[in-house]
Structures are given as C-alpha cells and as structure tokens.
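Visitor: Task: produce atomic coordinates for the following.
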Amino acid sequence: MKPKLRCGRFLCTTLVTLYINLILSNLVSLRQYWYVHQYLNQTQVLPLYDSLFMDWIGEYKNKITDYVTLHDAVDICTYSWVILTIVAWTLFSQKPSIMAKGLMAQVVLISSFSLAQLLTIVPDSMPNCLEVYNIPTDSDISWIFWHYPIRACGNMLWSSDVTQLVIFTSLAVEIIPREKNKTSNMVWFVGECWTFSTMIFIFSSRYQYSVDVITTYVVVKLVMSNPSVDFWSKWFFVENGEYFERVTMQEYQPYETI
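Guide: Numbering: from 1, shown residues only. Down below sits the predicted model:
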C-alpha cells in the first residue's frame with residue numbers, strides 16, 4: 001500500500017507543539033521580567049559582552065527602531081523560505097515522510113531548546129526588550145497561556161529563525177528526486193545562501209547573541225541528519241511508510257521464468 005500521512009495525528013501534534021512553544025516562550029519572557037524587577041531592582045539590563053558585536057562589528061549604535069526593522073527582515077526571510085518549501089512540496093512531491101520528518105524535528109527541537117532556556121536566566125541581546133515587545137507586566141501571570149509571543153525576551157542558545165531555515169532547507173532538498181543531483185545541489189546551495197543571508201540580518205539587528213546563532217545552526221544540522229528522527233517520524237506520522245520504504249521501486253525486480 002502507498003504510504004500516506006496520518007492527517008489527524010499530524011494536525012493534533014502540530015497544534016500541541018505550537019501551543020507548548022507559546023507557553024514556554026512566554027515563560028522565558030516572564031522569568032526575564034522577574035530577573036529585571038526583582039534581582040536587578042528595575043535597573044537597566046545590559047546585554048552580555050558579545051565578542052562578535054563588541055570587538056568586530058562595534059557597540060550598539062543604532063536606534064531601537066532600526067533593530068526592530070532589521071528583525072522584521074529576519075522574519076520575512078524565514079517565513080518566505082518556509083512558505084516556498086511547503087508550496088513546492090504540495091505541487092511537486094506530497095511525499096508524506098518529508099513533512100513528517102519536519103514535524104518530528106520541531107517536536108524534538110522546540111521541547112529541548114525551550115527547556116534549556118529555562119535553566120539559566122541571561123540578559124536579552126536587545127536592550128529594553130521587555131518594553132520594545134510589550135511583554136505583559138500584570139501580577140496575574142495567566143497571560144503565559146494565551147498571549148501570542150511576537151518575540152521572547154531572554155532567549156538563550158535558541159534561534160528559532162535559523163532553526164526553521166535549516167529544517168526547511170533540508171526538507172526542500174528531499175523534495176527533489178534522488179536522480180536529479182544537479183537540481184538537488186542547486187536547491188541546497190540556494191537554501192544555505194538564504195540561511196547565511198538571514199544570519200547577517202540577525203547579527204545586524206542584535207536579535208540573538210552570536211553564539212546562539214552558530215550553535216543553533218550546528219545542532220539543527222546534526223538533528224536533521226540523525227536517522228532516528230527519520231525513523232520515528234515515519235513510525236508515528238506515516239501510515240505504511242516504514243514498510244513501503246524497505247524496498248524501493250528500483251530494487252524490485254520480477255522473477256524471470258526459465
């Protein structure tokens with residue numbers, strides 16, 4: 001039987017993952033607020049000393065509005081590449097294992113990175129992040145369960161934009177049939193250039209510490225190349241996927257009659 005996506009399970013997992021990401025992102029911002037108003041006695045929070053910014057690029061010289069505009073450019077680059085990949089999958093592939101692998105990677109990375117952020121509180125890389133992104137300051141903290149986080153303050157070792165670009169570049173390459181090596185290499189090259197261009201916007205906007213961006217790129221690359229992600233994605237999200245891919249059509253040969 002031809003493999004097909006378990007749509008109900010896929011959709012439910014997607015919604016649950018997005019909601020968990022919302023809660024954990026808001027919780028990171030809330031802890032940043034507590035850090036500023038309780039431990040620092042509402043004094044200004046200065047970013048950590050980032051060698052790339054301070055020694056090579058220079059100190060914070062732009063206005064906050066300039067950083068926000070550059071951050072918008074980061075989002076545009078990320079969303080456009082994600083949408084292009086999904087459209088390409090819909091039009092030219094629709095192979096269920098591709099999107100299943102992407103979702104399984106999201107489940108692993110969002111949970112692990114978000115939990116890692118809760119272990120240590122660090123000043124945000126953008127000055128006055130709490131005010132710029134209107135993080136709620138109510139004594140009632142129920143907002144963490146419903147407030148959509150445009151951006152979390154206090155991110156550490158987590159660059160969501162780089163994560164999505166690396167994941168969807170990997171998926172875009174898998175959309176291309178294996179026999180079309182030149183096309184596959186071209187898609188990979190464009191995706192990598194797109195990712196590095198977005199990283200330049202991230203560095204220019206001081207959106208993340210440089211170590212966060214570089215570490216995220218390496219870790220997500222390792223996750224996407226791990227065979228366990230591919231195996232569990234097919235087992236959980238693809239019906240008949242594991243059985244169908246044991247023997248490819250190229251390996252199948254009918255018996256010859258003597």
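Visitor: going forward, measure contacts between C-alpha atoms and count neighbours the same way
Guide: OK.
Visitor: ok, the residue nearest to L5 when sequence neighbours are not counted to S80 distance?
Guide: Using C-alpha to C-alpha, 6 or more residues apart in numbering and skipping the chain neighbours, the partner closest in space to L5 is V238 (4.7 Å). According to C-alpha to C-alpha, to the nearest Å, V238 stands 27 Å off from S80.
Visitor: what's the answer for A105, then?
Guide: In this view, A105 and S80 are 20 Å apart by C-alpha to C-alpha.
Visitor: More neighbours: which of these two?
Guide: Set A105 next to S80 and count neighbours by other C-alpha atoms under 10 Å: A105 wins out with 21 against 11.
Visitor: Touching, the more buried one and K221? I think so.
Guide: No. Assessed by C-alpha atoms under 8 Å, A105 is found out of contact with K221, at 10.6 Å.
Visitor: can you list residues touching both of these two?
Guide: I167 (C-alpha atoms under 8 Å, 6 or more residues apart in numbering).
Visitor: Below-threshold pLDDT in the stretch 51-200 of the chain: ranges please.
Guide: 52-68, 155-157 (pLDDT under 70).
Visitor: Show me where it has its strands.
Guide: For the stretch 51-200 of the chain, no strands are identified by DSSP state E, counting those that start in this stretch.
Visitor: what about the helices in it?
Guide: Remark: helices assigned in the stretch 51-200 of the chain by DSSP state H, counting those that start in this stretch are 51, 64-92, 96-117, 129-132, 160-175, 181-205.
Visitor: Can you say which of these is nearest to F145?
Guide: helix 96-117 (15.2 Å; C-alpha to C-alpha).
Visitor: What is the burial count for T120?
Guide: 12.
Visitor: If we go by neighbour counts, what in stretch 176-191 is buried?
Guide: Across stretch 176-191, burial judged by 16 or more other C-alpha atoms under 10 Å covers I176, S184, V187, W188, G191.
Visitor: er, stretch 136-150 I mean
Guide: For stretch 136-150, the neighbour count (16+ other C-alpha under 10 Å) marks P136, W143, I144, P149 as buried.
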